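1. quick one, fold the following:
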Amino acid sequence: MNEICKVAIAEPSELIRKGLIALLKQLSRVKIQVTEIATLEDLTAQLKTHPIDLLFINPSYWGVEIGKKIRNGAQSNTLKIIALVYNPFDNGLLSQYDDVFSIFDTAHKLEKIVATLQRKEGELTTQHQALSTREQEIIVCIVKGMTNKEIAEKLFLSSHTIITHRRNITKKLQIHSSAGLTIYAIVNKLVRLEDIQTSIEPDEEAQL
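-> Numbers count the residues shown, from 1 in each chain. Below you'll find the model as predicted:
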């Protein structure tokens with residue numbers, strides 16, 4: 001992920017805040033910008049003046065209804081709120097939160113929560129629409145195992161133009177392999193699974 005995920009931690013314990021920040025900084029796939037919040041006044045001011053993608057908040061300290069209050073008063077409808085818990089909670093009480101993270105959970109779970117909640121709804125569709133019709137045609141040819149020369153002949157373009165298109169596709173989608181493009185093409189229904197060759201030439205893989 002290339003975008004910065006803006007995270008706020010509303011937790012009175014400095015030890016817990018620092019520990020969570022340390023875990024967040026270990027997340028290799030997510031760029032994190034963290035703000036520490038220790039009081040309700042700071043939380044209110046932060047929500048009013050700064051955009052936040054993810055909010056970790058302690059419902060035991062702030063009250064279990066704090067999540068609902070924040071969501072109702074938040075300026076952004078994309079804010080994700082995660083309950084930061086110390087002890088087992090009734091799931092029904094935490095239904096107003098997008099997810100739950102216990103201080104006994106692993107860094108792997110934290111990474112999964114952050115990555116999942118940061119992912120914008122309809123992300124694949126947005127990427128799909130960002131591609132031109134020609135780029136979509138070239139992706140189809142690539143996942144079918146065609147070489148640059150074969151694609152150029154099929155689309156009546158030069159090999160140099162095909163290479164330029166492939167670079168643009170890689171830049172837009174941040175996908176650097178034919179295998180990745182194959183998954184993208186199937187998910188976005190550019191091709192059917194039965195239309196794809198089972199083998200991909202190694203030199204074509206390297207050209208992406």
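2. for this structure, which spans come out with low pLDDT?
-> For the chain, the stretches with pLDDT under 70 are 1-3, 28-30, 73-77, 90-91, 117-129, 196-208.
3. wait, is residue 51 part of a helix?
-> No - assignment of residue 51 by DSSP: H, G, I helix; E, B strand; the rest coil gives coil, placing it outside any helix.
4. so it touches residue 6, yeah?
-> Yes - using CB atoms under 8 Å, residue 51 is in contact with residue 6, at 6.2 Å. (Each C-beta comes from the backbone N, C-alpha and C, glycine too.)
5. separation between residue 26 and residue 114?
-> Residue 26 is 11 Å from residue 114, where distance means CB to CB, to the nearest Å.
6. likewise residue 35?
-> From residue 35 to residue 114 the distance is 15 Å (CB to CB).
7. these two: which is more packed in?
-> Neighbour count, other CB atoms under 10 Å: between residue 35 and residue 114, residue 114 has more, with 26 against 16.
8. report all helices and strands that whichever strand or helix holds that one contacts.
-> Using DSSP states H and E, residue 114 sits within helix 107-118. If contacts are counted by 3 or more CB pairs under 8 Å, 6 or more residues apart in numbering; DSSP states H and E, helix 107-118 sits against strand 4-10, helix 14-25, strand 54-57, strand 80-85, strand 99-102.
9. give me the contacts around the lengthiest helix in the chain.
-> Ranked by residue count and defined by DSSP state H, the top helix of the chain is helix 159-173. Helix 159-173 has contacts (CB atoms under 8 Å, 6 or more residues apart in numbering) with 127, 130-131, 134-135, 138-139, 142, 148-149, 151-152, 155, 175-176, 181, 184, 207-208.
10. next SSE after that helix?
-> Using DSSP H and E, the first helix or strand after helix 159-173 is helix 178-187.
11. any buried residues in that following helix, and which?
-> Neighbour counts over helix 178-187 (16 or more other CB atoms under 10 Å) mark 178, 180, 181, 182, 184, 185 as buried.
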